[in-house]
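what shape does this take:
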Amino acid sequence: MNHLPGWVRRHVAALRALLVLTVVTGVVYPLAATGAAQALFHEKANGSRVQKDGKTVGSALIGQSFTDEDGNPVRKYFQSRPSAAGDGYDPTSTSASNLGPEDVVDTLPVPGAKDGEGNPDEGRRSLLTQVCARSKAVGELEGVSGARPYCTPDGVGAVLKVFPAVGAPARAVSVNQACPAVPFTATYRGVKVECAMPGEDYGAGRTVPVRGNATRPAVPADAVTASGSGLDPHISVAYARLQAPRVARERGLPLARVTALVEAHTTGRSLGFMGEPAVNVLELNLALDQS
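Take a look at the predicted model:
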């Protein structure tokens, strides 16, 4: 080795270091970490899988939907919160919707138009309209009012485009209600409100969200908004209590029995002070099946 040129010795030393580090960090360490995890935290290391009748039915850490083939809620089960991860609760597409609080104007579908792939134009629903539509649907499912601020009775964002953008209004359009829908309000500052014509550009107008008369919503926020990961397996205690009467009615169980199961599957705040109590939906539904 001493007779080799200096540049060769340096390359050999680098190769030796590469091989040693590859074995240590690529083989020894992963095997040691995996072995320790399996020995000390076997259940968590395997994904906190939940078993029923010897079969894996889900994970305690990943939410899932409880809907039928058409996407309608199965009424005898508690429903999870919405998900923006892929087609819903997809761990390979974990993400939020990337929509913010200023996303309040829909892109209305144009009748007869096609998208880039030749499919019928479906438009795009704003975050506000998604929240309003979910609130309306949950309200109908649970037999309560789905009304909430800045939402129309038909479940879209209550938003006007006012023209001109500066100065006294001369024209007002309910941009999320396609004609021939009746606008949620008849007038705005003395100007008649129009329904929106799909395909027409209202970008030059001033955006005016209208709060409306709704006060405290009966439908909790987590019932109408997706979590940051899209995989949240929990719902709030308020949302679970809202669903309890429906589940009890569909299963023919006393409401007190269902409420007791909700309380039994409610976890407290992390470290006693972080976050809010929550209910694991999968574990609660499995407990209902067993009861």
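
any idea which element the spatially most central residue of the chain lies in?
In the chain, the C-alpha nearest the mean C-alpha coordinate belongs to residue 226, at 2.0 Å (CA atoms, centre = their mean). For residue 226, there is no host helix or strand (DSSP states H and E).

quick one: it from residue 157, how far?
Separation of residue 226 from residue 157 (CB to CB, to the nearest Å): 17 Å. In short, each C-beta sits where N, CA and C put it, glycine included.

ok, now residue 137?
15 Å.

so what pairs up with the closest residue to residue 132 other than its chain neighbours in the strands?
Distances taken as CB to CB, 6 or more residues apart in numbering place residue 151 nearest to residue 132, at 3.6 Å, with adjacent residues excluded. In this entry, residue 151 is beta-bridged to residue 157, by DSSP bridges.

residue 151 touches residue 211, doesn't it?
No. Using CB atoms under 8 Å, residue 151 is not in contact with residue 211, being 9.6 Å away.

so which of the two has more stuff around it?
Using other CB atoms under 10 Å, the more surrounded residue of residue 151 and residue 211 is residue 151, with 28 against 10.

list the contacts for the more buried one?
By CB atoms under 8 Å, 6 or more residues apart in numbering, the contact list for residue 151 reads 128, 131-132, 135-136, 157-158, 212, 214.

repeat the analysis, applying 7 Å as the threshold.
132, 135, 157-158, 214 (CB atoms under 7 Å, 6 or more residues apart in numbering).

and if you look at residue 19?
So residue 19 contacts nothing (CB under 7 Å, 6+ apart).

wait, is it part of a strand?
No. Applying DSSP: H, G, I helix; E, B strand; the rest coil, one finds residue 19 to be helix, outside a strand.

pLDDT at it, what is it?
Looking at residue 19, its pLDDT is 91.

residue 12 versus that one, what's the distance?
11 Å.

do residue 122 as well
Applying CB to CB to residue 122 and residue 12 gives a distance of 62 Å.

now swap in residue 168 and tell me
Remark: distance between residue 168 and residue 12 (CB to CB) = 83 Å.

got any ranges where the stretch 51-200 of the chain has weak pLDDT?
By pLDDT under 70, the low-scoring segments of the stretch 51-200 of the chain are 51-54, 57.

in it, which spans are helices?
Secondary structure of the stretch 51-200 of the chain (DSSP state H, counting those that start in this stretch): helices at 127-142.

where do the strands sit along it?
Secondary structure of the stretch 51-200 of the chain (DSSP state E, counting those that start in this stretch): strands at 55-59, 159-163, 171-178, 187-188, 191-196.

what pairs with the third one, parallel or antiparallel?
Think strand 171-178. strand 159-163 (antiparallel), strand 191-196 (parallel).

and it with helix 127-142, angle?
50 degrees (axes from the mean of the first three to the mean of the last three CA atoms, to 10 degrees).

and this protein, what are its domains?
Domain assignment for the chain, taken from automatic domain parsing, gives 6-45, 49-97+226-291, 102-218.
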